[in-house]
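Q: got a structure for you, letters missing:
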């Protein structure tokens, strides 16, 4: 990735922009592997569920495990789609604006996604309240009694796992979405060249709204 050296504004932001874009690309590679893993896990759980039910010895926790695997799969896929710009768009208005207007509309749309990601990060922080649980010495019962936030005392019905562990997908998604949206915004502002996606021809620059 190269940055123009003859443009002073670009020179001053090159280092942080490069770090953010590289971090987004690293997260994207991790997410793609996680996506494949959760897809394999979900298929395996469904096949085992079908086989055990047919044999008359159903495993009672597989249904709940499948639901949580699907939830994680959905959020990871949504984060990947954001970075690859595979989300849906309506071009009835932007198609009439010309190239400059389309670029401005794309910047505004990406900025809105970024704002949504930042708002989601803030809401997850307020919801999970890591500072609050830390002040109570990570005592879930004492924290729940004082804050009426029972997130850290709840457990799943059949797996008997702490629910906060499974719900970590929300703050992780919020952080990854924000990072990807910020990288997309840098590309839309032409601060960095748009990443080529040879393995994802659908997400080529010519086809992005």
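A: Looks like it arrived, so ask away. Please read all numbers here as calculations on a predicted model, not as lab measurements.
Q: Sketch out the helices for the chain, chain order is fine.
A: 8-55, 62-83, 98-128, 130-135, 140-147, 163-166, 169-188 (DSSP state H).
Q: Identify, out of those, the most deeply packed stretch.
A: helix 169-188 (a mean of 21; mean count of other Cβ atoms under 10 Å). All C-beta spots, glycine's among them, are computed from the backbone N, C-alpha and C.
Q: for that one, packing partners?
A: helix 8-55, helix 62-83, helix 98-128 (3 or more Cβ pairs under 8 Å, 6 or more residues apart in numbering; DSSP states H and E).
Q: outside of the shortest one, which residues touch it?
A: The reference is to helix 62-83. 24, 27-28, 31-32, 34-35, 38-39, 41-42, 45-46, 48-49, 52, 86-87, 113, 156-159, 166, 169-170, 172-173, 176-177, 180-181, 183-184 (Cβ atoms under 8 Å, 6 or more residues apart in numbering).
Q: Low-confidence bits of this protein, can you list those?
A: Low-confidence segments of the chain (pLDDT under 70): 1-13, 89-95, 198-209.
Q: Apply 50 and report the result again.
A: 1-11, 204-209 (pLDDT under 50).
Q: hang on, the earlier thing: tabulate the helices and strands packed on helix 169-188 (TSV), appending distance to residue 189.
A: Formatted as TSV, the helices and strands packed on helix 169-188 follow (distance: least, Cβ to Cβ, whole Å):
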stretch	distance to residue 189
helix 8-55	10
helix 62-83	16
helix 98-128	6
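Q: out of those, which comes closest to residue 142?
A: Among the helices and strands packed on helix 169-188, helix 98-128 comes nearest to residue 142, with 16.4 Å by Cβ to Cβ.
Q: chain center to that closest one, what's the gap?
A: Per Cα atoms, centre = their mean, to the nearest Å, the displacement of helix 98-128 from the mean C-alpha position of its chain is 13 Å.
Q: which other helices and strands contact that helix?
A: Helix 98-128 packs on helix 169-188, going by 3+ Cβ pairs under 8 Å, 6+ apart.
Q: who's in contact with the helix it packs on?
A: 17, 20-21, 23-25, 27-28, 31, 71-72, 75-76, 78-79, 82-83, 85, 103, 106-107, 110-111, 113-114, 116-118, 120-121, 123-125, 127-128, 192-195.
Q: ok, now with 6 Å
A: 17, 20-21, 24, 27, 72, 75, 79, 82-83, 106-107, 110, 113-114, 117-118, 120-121, 124, 192, 194 (Cβ atoms under 6 Å, 6 or more residues apart in numbering).
Q: now swap in stretch 120-139 and tell me
A: 142-143, 147, 170-171, 174, 178.
Q: Which two among the residues you listed are spaced furthest apart?
A: 142 and 178 (31.8 Å).
Q: Tell me who's in contact with residue 162.
A: Here residue 162 is in contact with residue 155 (Cβ under 6 Å, 6+ apart).
Q: and if you look at residue 57?
A: No contacts exist for residue 57 under Cβ under 6 Å, 6+ apart.
Q: how about it, phi and psi?
A: phi -130, psi 60 (degrees, to the nearest 10).
Q: I'd like the numbering to begin with 321 instead of 1 from here.
A: I'll keep to 321 as the first residue from here, and by that count the last item is residue 377.
Q: If anything else comes up later, I'll come back, but that's it for now.
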